[in-house]
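Participant: please find the sequence and the predicted model below.
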Amino acid sequence: MDAFRADLESDLCQNPPTALTDQVTAYNSTMSSQLDKHAPNMKKKITVCSRVSWFNSEIKAAKLVCPIWRFGTDLEKNHT
């Protein structure tokens with residue numbers, strides 16, 4: 001956190017531009033570069049599962065009502 005704070009205390013804070021458009025440009029460029037440095041974009045792989053034909057809205061509703069489906073199939077664990 002200290003490194004991020006120190007990086008933000010740059011010329012932008014110490015010697016800000018006088019014109020509003022220059023301030024906005026400087027702010028956007030400073031924030032963009034600091035975010036790239038301290039919180040870079042990361043790729044995340046998401047696996048998409050195909051839907052099965054037998055899982056319909058009726059089964060989905062029953063699954064919400066029945067505690068066995070919500071918490072697993074161990075009856076002793078769910079009813080103690």
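Facilitator: Alright, I've got the coordinates. Numbering: from 1, shown residues only.
Participant: what about Val48, distance to Trp54?
Facilitator: Noted for Val48: a distance of 19 Å to Trp54, by C-beta to C-beta, to the nearest Å. In this view, the C-beta of every residue, glycine as well, is placed from N, C-alpha and C.
Participant: tell me which residues in the longest helix along the chain are buried?
Facilitator: Assignment by DSSP state H gives helix 20-38 as the longest helix of the chain. Across helix 20-38, burial judged by 16 or more other C-beta atoms under 10 Å covers Ala26, Thr30, Gln34.
Participant: so which elements touch the helix or strand harbouring Ile59?
Facilitator: Ile59 belongs to helix 57-65 when assigned by DSSP states H and E. Under the contact criterion of 3 or more C-beta pairs under 8 Å, 6 or more residues apart in numbering; DSSP states H and E, helix 57-65 touches helix 67-71.
Participant: what is the mean pLDDT for the helix it packs on?
Facilitator: For helix 67-71, mean pLDDT is 60.
Participant: same check, this time on stretch 43-52
Facilitator: Mean per-residue pLDDT for stretch 43-52: 85.
Participant: same question for stretch 1-11.
Facilitator: Mean predicted lDDT for stretch 1-11 stands at 75.
Participant: dump it to PDB, keeping only the CA atoms.
Facilitator: This file holds the C-alpha atoms of stretch 1-11, laid out as PDB (Å, rounded to 0.1, in the frame of the first residue of the first chain):
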ATOM      1  CA  MET A   1       0.000   0.000   0.000                       C
ATOM      2  CA  ASP A   2       2.900   2.300   0.700                       C
ATOM      3  CA  ALA A   3       4.300   1.800  -2.700                       C
ATOM      4  CA  PHE A   4       1.000   2.700  -4.300                       C
ATOM      5  CA  ARG A   5       0.700   5.800  -2.100                       C
ATOM      6  CA  ALA A   6       4.200   6.800  -3.000                       C
ATOM      7  CA  ASP A   7       3.600   6.400  -6.700                       C
ATOM      8  CA  LEU A   8       0.500   8.600  -6.500                       C
ATOM      9  CA  GLU A   9       2.500  11.400  -4.900                       C
ATOM     10  CA  SER A  10       4.100  12.200  -8.300                       C
ATOM     11  CA  ASP A  11       4.400  15.300 -10.300                       C
END
